[in-house]
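*Asks:* could you work out the structure for the sequence below:
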Amino acid sequence: MAGVTGIIVLYLALKVLAWKVFVIYQSDLRYWLEAVTMVVFLKGLLEIALIWRVFRQTYESQSQQPV
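*Replies:* Sure thing, here's the model as predicted:
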């Protein structure tokens with residue numbers, strides 16, 4: 001979910017002309033959305049790192065068990 005939000009905001013910022021005009025008049029909204037996007041993106045990275053860590057620990061513990 002975090003990656004999707006970042007991609008949507010990035011797409012709006014670069015490709016949609018109405019968005020560019022909107023943020024000219026609402027610059028505070030732009031800064032707020034960018035900050036929220038960064039927080040959500042970092043949260044997603046943290047979740048991926050934690051999932052990878054659990055997966056790696058589970059895989060290593062299964063490979064060390066005798067057959």
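*Asks:* run through who's touching the helix or strand that contains residue 4.
*Replies:* Using DSSP states H and E, residue 4 sits within helix 2-15. Residues outside helix 2-15 that contact it (C-beta atoms under 8 Å, 6 or more residues apart in numbering) are 19-20, 23, 33-34, 37, 40-45, 47. The C-beta positions use only the backbone N, C-alpha and C, and glycine is treated the same way.
*Asks:* show me which positions of that helix end up buried.
*Replies:* 2, 5-6, 9, 12 (16 or more other C-beta atoms under 10 Å).
*Asks:* tell me the first helix or strand C-terminal of it.
*Replies:* helix 17-25.
*Asks:* any idea how far the next helix or strand after that next one is from the chain center?
*Replies:* Beyond helix 17-25 on the C-terminal side, the first helix or strand identified by DSSP H and E is helix 27-64. The chain centroid and the centroid of helix 27-64 are separated by 7 Å, computed with C-alpha atoms, centre = their mean, to the nearest Å.
*Asks:* in space, not sequence, find me the middle residue of the chain.
*Replies:* residue 41 (2.3 Å; C-alpha atoms, centre = their mean).
*Asks:* if we can go back for a sec, the contacts of helix 2-15: which two are farthest apart?
*Replies:* Spatial extent of the contacts of helix 2-15 (C-beta to C-beta) is set by the pair 20 and 47 at 31.4 Å.
*Asks:* thinking again about what came up before, output the buried residues of helix 2-15 as JSON lines; include the columns pLDDT and distance to residue 28.
*Replies:* Converted to JSON lines, the buried residues of helix 2-15 look like this (pLDDT from 0 to 100; distance: C-beta to C-beta, whole Å):
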{"residue": "2", "pLDDT": "57", "distance to residue 28": "23"}
{"residue": "5", "pLDDT": "70", "distance to residue 28": "19"}
{"residue": "6", "pLDDT": "71", "distance to residue 28": "20"}
{"residue": "9", "pLDDT": "74", "distance to residue 28": "15"}
{"residue": "12", "pLDDT": "74", "distance to residue 28": "16"}
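*Asks:* which of those sits closest to residue 60?
*Replies:* For the buried residues of helix 2-15, the nearest to residue 60 is residue 2 (27.0 Å; C-beta to C-beta).
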